[in-house]
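>>> could you look at this predicted model? Sequence included:
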Amino acid sequence: MAKKKVRTISLDLRNDWIERKPEAKRTVPSLKRQCELLRLSRSNIYYKARSRILEKEDGQHKRLIEEMYKKNPTYGTRRMTKYLNKLEIKIGRTRVTRLYRELGIQAIYPKPRTSIARKEHYKYPYLLKDLEINRADQVWATDITYIKLPGGFVYLTAVMDLYSRYVISWQLSTTLDSSFCVDALREALFCGTPEIFNSDQGVQYTSNDFTNELQNSGIRISMDGKDRCFDNIFVERLWRTIKYELIYLYSFENILELKSGLADYFHHYNNERLHQSLNYETPSSYYFSAKATKEAA
């Protein structure tokens, strides 16, 4: 009868009754005897204890992984495993992969297909070779990057004045069609008109919708040559800065949270963040003071 009553008590409650260090208390029965009295499997008890140890270790390992990932987001699971092993932590790549997945992170490396060329679209020549960029609105540039959210990838584009590093406009999209790039361009043209507009040869920038906007404004079109990834280096640096200073530090659950975070960050980047290359001025002050000087002249 007593055994039947014990069985009606929940398994979790019976587990909680187990004294896991009976050797420290002589009046407490051994683990084996406790399990017999409570009708529990000893393997379940040992598994629970091991699970608690692993959970504690996982927390410690996650902190180390996050610290290194913020410094080197290009570290994949293989390199991170080697890094932890050098700290004398016995951990395998399978476990590190699981921790990466639980943290929602992955190695950052150039992902294909953000900009795809289309053969039938005209490719404009590159106009920035040996060009000295010495005034605002002389050259604007644009590019696309990806940002990982729990529900999938979203895409960010921005238009930047290369002289001042001022981000004139930006847009987010869940797809890679040309419409969000055109929207960013139209928004930027409300601020001014550049002499040259530079982009890569992706279909978003070679589309008629995009190039017509530039031609109708009398803007010369420049496009990076194939495999010349450093032609748009200033926008690439912007993406790196955003990811280090915003994306890797905060967990955005959806596109609305991300859009709000980006709005705050671009305001900070343009109006508060000092740039060494700009003599420790902000892009906003550098851009608008240069425009004022140009207009006065």
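Now that the structure is in, tell me what you want to look at.
>>> where does the stretch 101-250 of the chain dip in pLDDT?
Within the stretch 101-250 of the chain, the stretches with pLDDT under 70 are 108-121, 225-231.
>>> what segments of the stretch 51-200 of the chain are strands?
Ranges of strands within the stretch 51-200 of the chain are 139-149, 152-161, 166-173, 196-199, based on DSSP state E, counting those that start in this stretch.
>>> which among these is found nearest to residue 190?
Closest to residue 190 of those, according to C-beta to C-beta: strand 166-173, at 8.3 Å. Where C-beta positions appear, they are placed from N, C-alpha and C, glycine not excepted.
>>> so what touches that closest one?
With C-beta atoms under 8 Å, 6 or more residues apart in numbering as the test, strand 166-173 has contacts from 136, 140, 154-161, 179-181, 183-185, 187-188, 191-192, 238, 255, 258-259, 262, 266, 269-270, 283-284, 286-287.
>>> what number of residues lie near residue 256?
10 (other C-beta atoms under 10 Å).
>>> any idea how far it is from residue 288?
30 Å (C-beta to C-beta, to the nearest Å).
>>> can you check residue 273 too?
16 Å.
>>> one step back: now intersect the contacts of strand 166-173 with the helices, please.
The helices in this structure, assigned by DSSP state H, contain 179-181, 183-185, 187-188, 238, 255, 258-259, 262, 266, 269-270, 283-284, 286-287 from the contacts of strand 166-173.
>>> only C-alpha atoms, please: export stretch 125-137 in CSV.
What follows is stretch 125-137, C-alpha atoms only, in CSV (Å, rounded to 0.1, in the frame of the first residue of the first chain):
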residue,chain,number,x,y,z
PRO,A,125,32.5,52.2,-66.1
TYR,A,126,34.4,52.8,-62.8
LEU,A,127,35.0,56.6,-62.4
LEU,A,128,36.9,56.8,-59.0
LYS,A,129,40.3,55.5,-60.1
ASP,A,130,42.9,58.1,-59.1
LEU,A,131,40.1,60.5,-58.3
GLU,A,132,40.8,62.9,-55.4
ILE,A,133,37.7,63.2,-53.3
ASN,A,134,37.9,66.6,-51.7
ARG,A,135,34.4,68.1,-51.3
ALA,A,136,30.9,67.1,-50.1
ASP,A,137,28.5,65.8,-52.7
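>>> what comes up buried for that stretch?
128, 135-137 (16 or more other C-beta atoms under 10 Å).
>>> hmm, who's touching that stretch?
With C-beta under 8 Å, 6+ apart as the criterion, stretch 125-137 contacts 139, 161-164, 166, 192-196, 198, 220, 222-225, 228, 231, 286-287, 290-291, 294.
>>> what does stretch 211-224 give?
By C-beta under 8 Å, 6+ apart, stretch 211-224 touches 122-128, 139, 182, 185-186, 189, 193-201, 205-206, 231-232.
>>> domain map for the protein?
Domain assignment of the chain by automatic domain parsing yields the ranges 1-40, 57-108, 139-296.
>>> quick revisit: filter the contacts of stretch 125-137 down to the buried ones, PyMOL style.
A single PyMOL command selects the buried members of the contacts of stretch 125-137 (16+ other C-beta under 10 Å):
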select buried, resi 139+161+162+163+164+166+194+196+198+222+223+224+231+286+287+290+291
